[in-house]
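Enquirer: fold the following, please.
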Amino acid sequence: MNDLKVMVIDDSKTIRRTAENLLKKEGCEVVTAVDGFEALSKIAVNKPDIIFVDIMMPRLDGYQTCALIKNNQTFKDTPVIMLSSKDSIFDRARGRIVGSTQYLTKPFTKDDLMGAIKEFAPDKG
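Expert: Have a look, this model is predicted:
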């Protein structure tokens, strides 16, 4: 997991801090953003290997953020994992339509995060 750059986009400070702590313990470099607008500028600078994005956020929600990432030639292949406190077929389908790679339900565990990273992030050896 070394040198793996993970971005966590969530308007909840608690969720951001929890994810950041879990991922840092696993040796990941973590970049956080409070919403889609902040995330888009940070993605360009930090070029994360995998992105976790909350669905329910003000201004730019997770679906819109994911769609913008996927519409960008540079980042269209970056895995985007949706995070949501509600787990419905509709939400999962909508996540797939905008190009998300996977869907995790909150509260997530370290195993949820690491499982998604192991499965979808590019292998950095």
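
Enquirer: could you report the pLDDT at residue 73?
Expert: The confidence metric pLDDT takes the value 95 at residue 73.

Enquirer: phi and psi next, for residue 18.
Expert: phi -60, psi -50 (degrees, to the nearest 10).

Enquirer: ok, it - how many residues close by?
Expert: Number of residues near residue 18 (other CB atoms under 10 Å) recorded here: 18. C-beta here means a position set from N, CA and C on the backbone, and glycine is covered the same way.

Enquirer: and the contacts of the helix or strand of the chain with the lowest mean pLDDT?
Expert: Sorted by mean pLDDT, DSSP states H and E, the helices and strands of the chain end with helix 89-97, the least confident at a mean of 89. Residues from elsewhere that reach helix 89-97 (CB atoms under 8 Å, 6 or more residues apart in numbering): 55, 62-63, 66, 82, 84, 103.

Enquirer: please repeat the previous calculation with a cut-off of 7 Å.
Expert: 55, 63, 82, 84, 103 (CB atoms under 7 Å, 6 or more residues apart in numbering).

Enquirer: double-check that the last one belongs to a strand.
Expert: Think residue 103. Yes. Counting by DSSP: H, G, I helix; E, B strand; the rest coil, residue 103 falls inside a strand.

Enquirer: how many other residues sit next to it?
Expert: Residue 103 - counted by other CB under 10 Å - has 19 other residues nearby.

Enquirer: ranges for the helices of this protein?
Expert: 13-25, 36-46, 62-70, 89-97, 110-120 (DSSP state H).

Enquirer: in CSV: the ones you listed, plus distance to residue 76.
Expert: As requested, the helices of the chain are exported to CSV (distance: least, CB to CB, whole Å):
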stretch, distance to residue 76
helix 13-25, 23
helix 36-46, 12
helix 62-70, 5
helix 89-97, 15
helix 110-120, 14
